[in-house]
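Would you be able to build a 3D model of this:
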Amino acid sequence: MIKQTPTSELLFLSFYELCHTMPIEKITIDDIVKNCGMKRGIFYYYYKDKNDLINSNIYRIIYSIHKENYGILKWEDIIELNCKSLLDYRDMHDYMMNHFDMNYKIDTDSFYKYIYEIVKTYYGTVDRQMENIITFYCGGSVGLINQWIISGYKQSPKQLAHNLVEAIHPKLLKALNKE
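Coordinates of the predicted model:
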């Protein structure tokens with residue numbers, strides 16, 4: 001069966017293609033829509049601006065890696081894949097860190113909701129202690145990942161993933177590894 005690519009993703013792919021030929025800050029909305037044969041109005045149906053396009057798609061990529069591999073790979077391997085993905089899109093992260101009106105950061109709230117659902121599904125419930133563990137882990141993980149981006153990706157994705165997994169409470173790791 002032929003799978004169609006959503007319009008929102010086509011716009012991102014157009015943008016990503018343009019990133020290989022010109023600096024991100026010079027890419028305009030007109031460039032993006034012209035490159036994929038669409039009209040300017042369709043862009044604004046899906047995104048507020050170029051920053052929204054970048055941010056939305058980075059989250060889409062990160063969470064698709066999680067969802068496609070959860071229960072198949074160990075949590076450390078999933079985190080490593082995500083770190084490699086962040087490294088693949090490093091120009092976009094660097095742009096967002098330097099040009100976004102407010103500080104661009106990987107979103108803690110979205111990560112918390114995702115982890116919370118995994119734990120709730122695994123254990124059937126989430127008590128107050130586990131909520132605190134999830135909050136602590138998500139805040140720390142996102143902080144370390146943002147520092148990694150800001151520092152110029154000095155650690156390898158494998159080392160960063162290992163460090164992030166070393167800090168996980170055993171009860172949380174059990175759910176994340178689906179053991």
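
Poorly predicted segments of the protein, please.
Residue ranges of the chain with pLDDT under 70: 1-3, 97-107.

again, only this time at 50
The model of the chain has pLDDT under 50 over residues 101-103.

outside of the top helix by length along it, which residues touch it?
Identified as the longest helix of the chain according to DSSP state H is helix 128-150. Residues outside helix 128-150 that contact it (CB atoms under 8 Å, 6 or more residues apart in numbering) are 83, 86, 90, 93-94, 97, 105-108, 111-112, 115-116, 119, 123, 126, 154-155, 160, 163-164, 167-169, 171-172. C-betas here are computed from N, CA, C, even on glycine.

after it, next one along is what?
Tracing the chain past helix 128-150, the next element assigned as helix or strand by DSSP states H and E is helix 157-166.

For that next one, name the packing helices and strands.
helix 75-88, helix 128-150 (3 or more CB pairs under 8 Å, 6 or more residues apart in numbering; DSSP states H and E).

in the longest one, what's buried?
Okay, so that is helix 128-150. 130, 133-134, 137-138, 141-142, 144-146, 148-149 (16 or more other CB atoms under 10 Å).

go on, the first one?
Within helix 75-88, the residues that qualify as buried by neighbour count (16+ other CB under 10 Å) are 75-76, 78-83, 86.

Nearest to Ile27 among those residues?
Among the buried residues of helix 75-88, Leu86 lies closest to Ile27 (CB to CB), at 20.0 Å.

so the closest one makes contact with His93?
Yes: applying CB atoms under 8 Å, one finds Leu86 in contact with His93, separated by 6.4 Å.

between those two, what contacts are shared?
In contact with both Leu86 and His93: 58, 149, using CB under 8 Å, 6+ apart.

In which helix or strand does the residue lying closest to Ile54 once chain neighbours are set aside reside?
Distances taken as CB to CB, 6 or more residues apart in numbering put Met92 closest to Ile54, at 5.0 Å, once the chain neighbours are dropped. Met92 is part of helix 90-99 when elements are defined by DSSP H and E.

Give the other helices and strands that whichever helix or strand comes after that helix contacts.
For helix 90-99, the following helix or strand on the C-terminal side (DSSP H and E) is helix 108-123. Judged by 3+ CB pairs under 8 Å, 6+ apart, helix 108-123 is in contact with helix 50-69, helix 128-150, helix 170-176.

With distance to Ser14 added, can I get those in a markdown table?
Formatted as a markdown table, those follow (distance: least, CB to CB, whole Å):
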| stretch | distance to Ser14 |
| --- | --- |
| helix 50-69 | 10 |
| helix 128-150 | 24 |
| helix 170-176 | 35 |
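
among the ones you listed, which is nearest Met22?
The nearest among the helices and strands packed on helix 108-123, by CB to CB, is helix 50-69 at 12.8 Å.
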